[in-house]
Structure formats: C-alpha cells, structure tokens
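Asker: This is a predicted model, with the sequence first.
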Amino acid sequence: MSLFRILEACIKPRLLVPAIRVNTIRELDFRGLRDAGYRGAVFDKDNCLTLPCKDTLVPQLKDAWEDCRTAFGKNNVIVVSNSAGTRDDPAGLEAESVSHHLRVPVLPHAAKKPGCLELLRNPISHSQQPIHPSELIYVGDRLFTDVVMGNKLGGLTVWTTGLWAREAMALRYLEYGMLRIIVKWQAFRNKQVDNVADERVVQSPQQRFVKPDPRQANPGPSTVARVWSCLVAALRLTSVVARWFGGLMSALYRRLLLAYRKQEDALRPRDSIETLSSQEPFSSGYHQPHLIVPNEPQGINRFAKLVVTVRDAVIWTTHRREAANGAPVPRER
C-alpha cells in the first residue's frame with residue numbers, strides 16, 4: 001500500500017466507510033441482495049474466502065458460498081485478488097487453481113486494487129445482459145483496497161472483519177483507527193443537521209442485508225436467572241470449602257488435644273494425699289507445673305496457669321477441712 005492511498009483516504013474519507021460490516025460472508029443475505037437489484041458480486045480471496053496464500057475455500061464458508069452462487073448465478077460472481085491473476089502470478093497458475101477450487105472466474109489484472117478500476121468497469125463481460133458496476137457488491141477484508149475500490153465504482157461495499165489467519169496487522173489497525181475517526185466525525189455532523197433532515201425512517205443496508213444474529217434470535221437466560229445461578233454456585237462452593245476447612249480444624253484440634261493430654265499425664269504429681277495435705281499451700285513441692293499446649297498464644301497459657309492454681313487451692317482447702325473433722329484420709333496402696 002503506497003502513501004498515496006493514505007493521503008487519498010484523508011482527502012476523501014467517505015471512500016473508507018463500508019456500507020455493510022460483517023464477520024464473515026455467512027451473515028450476508030444473498031437472496032435479499034438479489035431481490036434488491038444487485039446482480040453480481042466481486043470477492044477478495046485472501047482472508048475473505050480462503051486462507052492467505054491458499055487456493056481452497058474455507059470449509060466453514062461452504063454453505064454461504066453455495067448460496068451466493070445460487071442467488072447471483074455462477075457466471076455473475078468473480079474473484080479479484082491482489083495475489084492471484086496479478087504480476088505476482090505471471091503464468092496464471094494460481095489464478096487457474098483458485099478458479100478450479102472456487103468454481104468462479106478470476107479476473108486477471110496488472111495493477112493491484114484499487115488501481116484496476118478500468119477493468120472493473122465491466123468485469124462480467126460474458127453475461128447475457130451488461131452489468132453496471134453499481135449493480136455489484138464488493139466483498140473484502142481490507143478498507144484501503146476492497147472498500148475503496150467498491151466505493152469508487154459506486155457499488156455496495158461489504159467489509160469482512162473476521163480473520164482466518166493474522167496478516168498485515170499493523171495496516172489493519174491503521175485502517176480500523178481511521179475508520180473510527182471518520183465514523184465519529186460523521187456522527188457529529190449528523191447531529192448538527194438533525195433539525196433539517198428528513199424524518200422518514202430508511203433502513204440501512206446493514207439492517208436490510210445482514211441476517212439476524214442467532215444469539216439475538218435465541219437469547220440466553222435472563223439477568224435474574226444468571227445472577228441466581230451464580231449465587232447458587234457460590235453457595236455450593238462456600239459449603240464445600242466450609243466442610244473442608246471444618247474437617248481440617250477438627251483434625252488439628254484432635255491432635256492438639258492428644259498432645260495436651262500426653263503432657264498432662266507426664267507432669268501429673270505422684271505424691272499421696274497425706275503428703276499433699278501436709279504441705280503448705282502453693283508451695284513449690286505441691287504446685288503442679290504449668291501445662292503448655294503447643295502453639296497456643298501466651299494469653300491462653302496464662303489462663304491455663306490461673307485455672308491450675310485455683311484448682312490446687314480448692315483441693316488443698318478440701319483436704320484441710322476433712323482432716324480437721326477427723327475424716328479418714330485415703331492412703332496409697
């Protein structure tokens with residue numbers, strides 16, 4: 001693409017604006033286009049009908065391609081490519097291969113698009129009735145070549161935005177950025193002339209000749225249903241996580257309790273009750289050592305020490321009262 005095309009698009013920005021924008025040709029209503037007066041179609045090859053540098057039709061487009069050939073007639077559909085049928089294909093082998101696989105003629109041209117306008121003034125010369133360029137649709141994936149060529153010839157331009165393979169992405173980003181600027185400028189100008197515009201509602205080609213999206217014809221669940229399903233899924237996940245966490249904490253608690261009991265058994269005093277009753281309260285010999293639970297905070301250890309001290313005081317006071325009343329004191333066997 002030369003710098004001249006970019007300057008031409010800046011001077012005449014309307015040449016870059018397609019009449020219809022689709023993802024692939026599967027979204028086009030070819031029978032509706034035929035009924036509207038369009039008698040033929042001019043297609044680009046790479047990334048529109050085939051993969052780049054390939055000659056066979058993309059399998060996903062088989063049905064749409066048959067609909068197009070049936071609607072317009074196989075003699076009224078041609079391929080104009082910047083690879084097949086140009087100087088890059090001097091022997092015409094690629095053009096012959098493309099024509100064989102797609103079952104439509106390939107227009108040979110020396111100058112690449114959009115410089116081959118003179119040949120496209122009457123591209124379908126073998127038709128029974130002459131077809132004017134304005135009665136054709138021009139389908140392609142490039143704005144600077146396919147769309148500009150179709151707009152110069154006065155036909156209906158279709159821009160396919162879906163890519164079967166990534167190529168020349170820098171130029172595509174440039175085309176898309178320029179198109180966004182042009183569309184925004186046109187929308188701004190339309191707002192200024194709304195007061196003097198005709199109030200009649202006219203459907204655009206995008207609305208007339210593009211098949212409805214199956215996702216819009218068969219909408220999915222409503223927003224409330226989606227929110228409810230997400231809430232149910234979140235509750236189920238929370239329940240699973242809570243069960244797993246509860247089982248983990250239960251196992252950890254059992255292990256800590258077992259370690260605490262083992263430590264308590266190891267530190268339990270072996271003295272008899274008589275020896276315990278003869279000792280002074282809170283003496284070093286009678287005091288049960290502090291039981292430490294592993295991995296417990298310091299506050300819990302202090303609370304455990306306080307509980308053990310209170311328990312020792314209650315036991316010592318009880319034994320003193322029983323000894324004062326003459327009650328028998330059990331002896332060790």
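Answerer: In hand now; what should we look at?

Asker: contacts, neighbours, all on C-alpha from now
Answerer: OK.

Asker: ok, for residue 37, nearest residue in space, not its chain neighbours?
Answerer: Using C-alpha to C-alpha, 6 or more residues apart in numbering and skipping the chain neighbours, the partner closest in space to residue 37 is residue 135 (6.9 Å).

Asker: Give me the distance between the two termini of stretch 121-132.
Answerer: 7 Å (C-alpha to C-alpha, to the nearest Å).

Asker: meant to ask about stretch 54-73, not that
Answerer: 24 Å.

Asker: Could you pull up the mean pLDDT of it?
Answerer: Mean pLDDT, stretch 54-73: 91.

Asker: Could you list the residues in contact with it?
Answerer: For stretch 54-73, the surrounding residues in contact (C-alpha atoms under 8 Å, 6 or more residues apart in numbering) are 25-26, 30-31, 34, 39-41, 46, 49-51, 76-77, 94, 97-98, 101-102.

Asker: got the domain boundaries for this protein?
Answerer: 3-213, 220-268, 272-333 (automatic domain parsing).

Asker: which of those domains sits most buried?
Answerer: domain 3-213 (a mean of 17; mean count of other C-alpha atoms under 10 Å).

Asker: Would you list the phi and psi of residue 139?
Answerer: phi -110, psi 130 (degrees, to the nearest 10).

Asker: right, and it touches residue 42 too?
Answerer: Yes. With contacts counted by C-alpha atoms under 8 Å, residue 139 reaches residue 42, the gap being 6.2 Å.

Asker: how about the helices in the stretch 101-250 of the chain?
Answerer: Ranges of helices in the stretch 101-250 of the chain, per DSSP state H, counting those that start in this stretch, are 117-120, 148-153, 169-192, 205-208, 214-217, 223-267.

Asker: Can you flag the weakest of the ones you listed by average pLDDT?
Answerer: Across these, the lowest-scoring stretch is helix 214-217, with a mean of 50.

Asker: OK, contacts around residue 156?
Answerer: Counting by C-alpha under 8 Å, 6+ apart, residue 156 touches 18-20, 134-138, 150.

Asker: 10 Å instead?
Answerer: 18-20, 33, 38, 41, 133-139, 147, 150, 205 (C-alpha atoms under 10 Å, 6 or more residues apart in numbering).

Asker: Among those residues, name the ones in strands.
Answerer: 20, 41, 136-139 (DSSP state E).

Asker: give me the low-pLDDT residue ranges for the stretch 1-150 of the chain?
Answerer: For the stretch 1-150 of the chain, the stretches with pLDDT under 70 are 1-6, 9, 122-128.

Asker: try it again with 80
Answerer: Within the stretch 1-150 of the chain, the stretches with pLDDT under 80 are 1-10, 115, 117-130.

Asker: Distance to residue 13 for the helices of the stretch 101-250 of the chain - can I get that in CSV?
Answerer: Formatted as CSV, those follow (distance: least, C-alpha to C-alpha, whole Å):
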stretch, distance to residue 13
helix 117-120, 19
helix 148-153, 10
helix 169-192, 7
helix 205-208, 19
helix 214-217, 32
helix 223-267, 41
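
Asker: Compare the ones you listed and give me the one nearest residue 163.
Answerer: helix 169-192 (10.3 Å; C-alpha to C-alpha).

Asker: who does the closest one touch, helix- and strand-wise?
Answerer: helix 3-11 (3 or more C-alpha pairs under 10 Å, 6 or more residues apart in numbering; DSSP states H and E).

Asker: Looking at the contacts of stretch 54-73, which are in strands?
Answerer: Per DSSP E, the contacts of stretch 54-73 map to strands at 40-41, 77.

Asker: Closest one to residue 172 out of these, please.
Answerer: Nearest member of the ones in strands among the contacts of stretch 54-73 to residue 172, counting by C-alpha to C-alpha, is residue 41, at 23.3 Å.

Asker: how far away is the closest one from residue 179?
Answerer: 24 Å.

Asker: cool, and residue 50?
Answerer: 25 Å.

Asker: again, but for residue 257
Answerer: 72 Å.
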